[in-house]
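> Sequence and predicted structure, then a few things I'm wondering about:
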Amino acid sequence: MILKRPGEIDAMVDAARVNRAALEAVEAHLAPGVTTAELNDVAEDVILRSGGSPAFKGYRGFPATLCTSLNEVVVHGIPDDRPLQEGDTVSIDVGTFYKGYAADMAKTYAIGAIPDDVQRLLETTERSLYAGIERATPGNRLGDVSAAIQDVVEQEGFWVVREFVGHGIGRTFHEPPDVPNFGRAGTGPVLRPGLVLAIEPMVATSRTSVVVLDDGWTAPTETGVPSAHFEHTVAVTEDGPRILTAKETTSIGEGVAHGA
Ligand code: MF3
Ligand code: CO
């Protein structure tokens, strides 16, 4: 595991700020009729104009700035000309390199009205992310983070995806350790100040495996059930978890509990 000095974590906040700006620009464009390719252009524009570069584009041949994963697609959907439709969910995952450091973030959005159980899936997945983040404190173990995520998900009767995991992040956007969204509390490596993790629960409404389509990327649930994905880049610090990709605010009480 690569531990970052405080100055490096500040540099990662700068990368995270650009990355977040890209996601917020995409968010402002979400509407029925908009294509995921158009959303990709919006994000890429923000990143390039901020002096950053898209982290995903070209990574092992991935062709785009965003992963846009619709409905039953868990992760790694490729932007294309399909317009968003009322009732869709879309996971927007974006990564940025800025001044030598990476940031990684994802959220799943509802386009218009969605079924109640899918709404609960989105809320639960985001809540599981924050439960995991809360455990990312020095002295805890990685399994504490994983188990906290899994507990929240399974209490709602949903299914934690096993095929993909979170990861360390820094000068490259995939570093050790892997961060599974399932596991046992009290196990795994001890978390130390300076460790930066991309924590990213991926959840389906019921038990399923996840497959990869012939394009080599798009990863839907095997049964076709809906899925959701939320991700933050989080530093373990002496003062507890610091969400580098969180909305920046000066107001009191807007910490881990509320997130962004
Ligand atoms: N957030 C995802 C990840 O960390 C996105 C990777 S997309 C890829 O693994 F194309 F770059 F692989
Ligand atoms: Co990631």
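Sure thing, it's come through. Treat the numbers as computed from the prediction; the structure is a model and nothing was measured. Residues are numbered from 1 along each chain as shown. Ligands and ions are numbered 1, 2, ... in the order given.

> Go through stretch 241-250 and flag the buried ones.
241-246 (16 or more other CB atoms under 10 Å). For glycine as for every other residue, the C-beta is placed from the backbone atoms N, C-alpha and C.

> Stretch 191-204 now?
Those would be 191, 193-204, for stretch 191-204 by 16+ other CB under 10 Å.

> how about those in CSV, adding distance to ligand 2?
Shown next, in CSV, are the buried residues of stretch 191-204 (distance: CB to the ion, whole Å):
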residue, distance to ligand 2
Leu191, 18
Pro193, 21
Gly194, 19
Leu195, 15
Val196, 12
Leu197, 10
Ala198, 4
Ile199, 9
Glu200, 5
Pro201, 11
Met202, 10
Val203, 15
Ala204, 18
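
> among those, which are in strands?
196-199, 202-204 (DSSP state E).

> if we can go back for a sec, out of the buried residues of stretch 241-250, the closest to Ala43 would be?
Ala43 has its nearest neighbour among the buried residues of stretch 241-250 in Thr245, at 14.0 Å by CB to CB.

> Please enumerate the helices of this protein.
6-29, 36-49, 116-134, 142-155 (DSSP state H).

> hey, which of those helices is tucked in deepest?
helix 142-155 (a mean of 22; mean count of other CB atoms under 10 Å).

> which residues are contacting that helix?
124-125, 127-129, 131-136, 159-160, 177, 179-189, 191, 197, 199, 201, 203 (CB atoms under 8 Å, 6 or more residues apart in numbering).

> Burial check on Gly33, number of neighbours?
10 (other CB atoms under 10 Å).

> That one and Pro83 touch, don't they?
Yes. Using CB atoms under 8 Å, Gly33 is in contact with Pro83, at 4.9 Å.

> give the contact list for Met1.
Per CB under 8 Å, 6+ apart, neighbours of Met1: 168, 175-177, 189, 192, 195.

> which residues sit in contact with Lys4?
Lys4 makes contact with 12, 170, 194-196, 235, according to CB under 8 Å, 6+ apart.

> Per-residue pLDDT of Ser251, please?
Ser251 carries a pLDDT score of 51 in this model.

> Would you tell me which residues of this structure are close to ligand 2?
Residues of the chain found near ligand 2 (CB under 5 Å from the ion) are 104, 198.

> give the contact list for Ala131.
Applying CB under 8 Å, 6+ apart, the residues near Ala131 are 148-149, 151-152.

> got it, and Gly77?
36, 67-70, 91, 217-219.

> from these, which single one is nearest ligand 1?
Cys67 (5.1 Å; CB to the nearest ligand atom).

> Assess the claim that that closest one and His76 are in contact.
Yes. The criterion here is CB under 8 Å, and Cys67 meets it with His76 at 5.1 Å.

> Now for these two: what residues contact both?
Contacts common to Cys67 and His76, judged by CB under 8 Å, 6+ apart, are 93, 217.

> Tell me the one among the contacts of Gly77 nearest to Gly100.
Cys67 (22.7 Å).

> What's opposite the closest one in the beta bridge?
Taking DSSP bridges as the rule, Cys67 bridges to Asp93.

> Just the pLDDT for it.
As predicted, Cys67 sits at a pLDDT of 98.

> got it, and Glu248?
80.

> Help me confirm that it comes into contact with Arg17.
Yes. With contact defined as CB under 8 Å, Glu248 reaches Arg17; the gap is 7.3 Å.

> OK, contacts around the residue lying closest to Glu86 once chain neighbours are set aside?
Leaving aside its chain neighbours, Glu86 sits nearest to Gly112 (3.7 Å; criterion: CB to CB, 6 or more residues apart in numbering). Listed by CB under 8 Å, 6+ apart, the contact set of Gly112 reads 32, 86-87.

> quick one: Gly112 and Met105, what's the gap?
23 Å (CB to CB, to the nearest Å).

> just Val18 next, same as before
11 Å.
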